[in-house]
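Q: structure for the following, please:
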Amino acid sequence: MTTTFAATMASIAEKFKSAVLADSDGVADACIRVEREELLGLATELAAKGFDQLEMVTAVDYRDRIGLIYRLVSATLSASLVVRCDLPAEQPRVVSLAGIWPAADSQEREVLDLFGVAFDGHPCPKRIFLPDDFCGHPLRKDFESPTLIRRPDLI
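A: I've put the predicted structure just below:
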């Protein structure tokens with residue numbers, strides 16, 4: 001029996017009541033917003049339902065929170081999906097998904113390095129680009145450096 005993408009999303013909505021689902025509009029991928037406490041459970045469920053490829057992990061600094069963004073692909077369902085999870089700006093921390101999708105390993109390290117998000121349970125939780133003694137996280141909006149030149153129109 002072949003499961004459809006719509007049936008998979010209906011199953012997710014039933015199991016994860018706090019998740020907010022947004023259908024694809026034909027341009028953007030379908031999206032699931034989830035609380036960080038449910039991220040691991042949701043990721044485990046999505047992997048079991050055929051989302052076997054993690055294409056991207058990134059983050060966005062919204063000043064009051066850090067938004068994590070995961071892009072997943074299922075060849076079986078011929079579908080892609082975005083999972084979003086907001087974290088507090090002060091000490092952002094979430095569970096690592098590297099145990100589910102190995103591609104998350106280096107990408108979570110990148111997010112740690114550039115945004116300061118700690119991934120609990122990560123197999124190698126250290127910086128990937130910057131030296132260990134580097135202070136701060138350069139893609140955070142509150143990042144300060146004596147060598148940083150701010151554009152006057154963005155201040």
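Q: and T44, how far from V95?
A: 11 Å (C-beta to C-beta, to the nearest Å). Any C-beta I mention is one placed from the backbone N, CA and C, and that applies to glycine too.
Q: Q53 too?
A: 20 Å.
Q: repeat that for I128.
A: Taking C-beta to C-beta as the measure, I128 falls 19 Å from V95.
Q: more neighbours: these two, which one.
A: Looking at I128 and V95 with other C-beta atoms under 10 Å, you find the greater number of neighbours at V95, namely 18 against 15.
Q: packing partners of the helix or strand bottoming out on mean pLDDT in the chain?
A: Across the helices and strands of the chain, mean pLDDT, DSSP states H and E gives its lowest value to strand 20-22, namely a mean of 88. On a contact count with 3 or more C-beta pairs under 8 Å, 6 or more residues apart in numbering; DSSP states H and E, strand 20-22 meets helix 5-15, strand 30-33.
Q: that strand pairs with which strands, parallel or anti?
A: Here strand 20-22 has these sheet partners by DSSP bridges: strand 30-33 (antiparallel).
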